[in-house]
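In: the sequence isn't on hand, but the structure is:
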Ligand code: HEC
């Protein structure tokens, strides 16, 4: 009996519990696709700071407008910074051959990055740029060392340095809400427009948005799941009443 119970428990565990693992990244982020305000802020940040280089090949502006409840005219006038129409997929503004020449590597399409790498990875990547003179971009990254991506969010975050070999904690202004061991210690040396907490929350919004982009059908599934449960409850009630009705004559 015990064994069956355990087996059932294992079956009931979410697949993500197994999918985790792989590379370990310093920070953790739980995506919340129910938080529409966060998704809208993430979309805005993406269009302003990322769409210059990165495309979202599998996503259309119109779909985002619909899913995130952004009026189409707001989308067209404020968020569509690349050329294109509301029905188009989101193309980076930069031709990829030239980008490859400038950065040494073409900026990849980000449609599926959240599915490939996970929310924790993207969140950590965006928090982990630090100053490094030896790099052509002037920065390096803890999560993807020697990355070709410049610190495009520095106007918001400011610049931080990586402090090696220190075991003290609590002075990590650039991030690090203490979990696990061996997380990098950053020190902010130049302020950006946002303070560290605001920056983390902005990066959370961006990550949330990229998780949504990776699987927009999740939104539909959430609302569908709710409807199905309501239907099942109603149906159970009906079936019960019907049963009582039938058996009344039998007794
Ligand atoms: C100036 C161009 C540029 C901008 C703007 C830019 N990136 Fe990048 N990004 C790159 C390049 C180049 C790479 C490839 C890095 C490498 O492989 O070394 C990259 C890689 C990435 C990756 C890793 C993808 C993978 O799976 O390897 C993520 C995630 C990412 N960028 C997110 C963002 C986000 C979010 C923004 C907006 C805040 C952004 N990028 C803005 C140039 C850019």
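Out: Perfect, I can see it now. All values reported here derive from a predicted model rather than from experimental measurement.

In: where in this structure is pLDDT low?
Out: Scanning the chain for pLDDT under 70 picks out 1-2, 5-23, 82, 165-182, 251.

In: up against the ligand, what does it have?
Out: Proximity of the chain to the ligand (CB under 6 Å from any ligand atom) is limited to residues 49-50, 52-54, 103, 105, 107-108, 110, 113, 117, 122, 125-126, 144, 147-150, 152-153, 206. C-beta: built from backbone N, CA, C; applies to glycine.

In: what's near enough to touch residue 46?
Out: By CB atoms under 8 Å, 6 or more residues apart in numbering, the contact list for residue 46 reads 56, 206, 209, 210.

In: tell me which element the closest residue to residue 104 other than its chain neighbours is part of?
Out: In this structure, residue 104 finds its nearest non-sequential neighbour in residue 148, 5.0 Å apart by CB to CB, 6 or more residues apart in numbering. Using DSSP states H and E, residue 148 sits in no helix or strand.

In: in contact with residue 148, which residues?
Out: Contacts of residue 148 by CB under 8 Å, 6+ apart are 103, 104, 105, 137.

In: buried subset of these, written for PyMOL?
Out: Listed next is the PyMOL selection for buried residues among those, using 16 or more other CB atoms under 10 Å:
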select buried, resi 103+137
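
In: could you identify the most distant pair in the contacts of residue 148?
Out: For the contacts of residue 148, the farthest-apart pair by CB to CB is 105 and 137; their separation is 11.3 Å.

In: which parts of stretch 94-109 are buried?
Out: By neighbour count on 16+ other CB under 10 Å, the buried set for stretch 94-109 is 94, 99, 103, 106, 107, 109.
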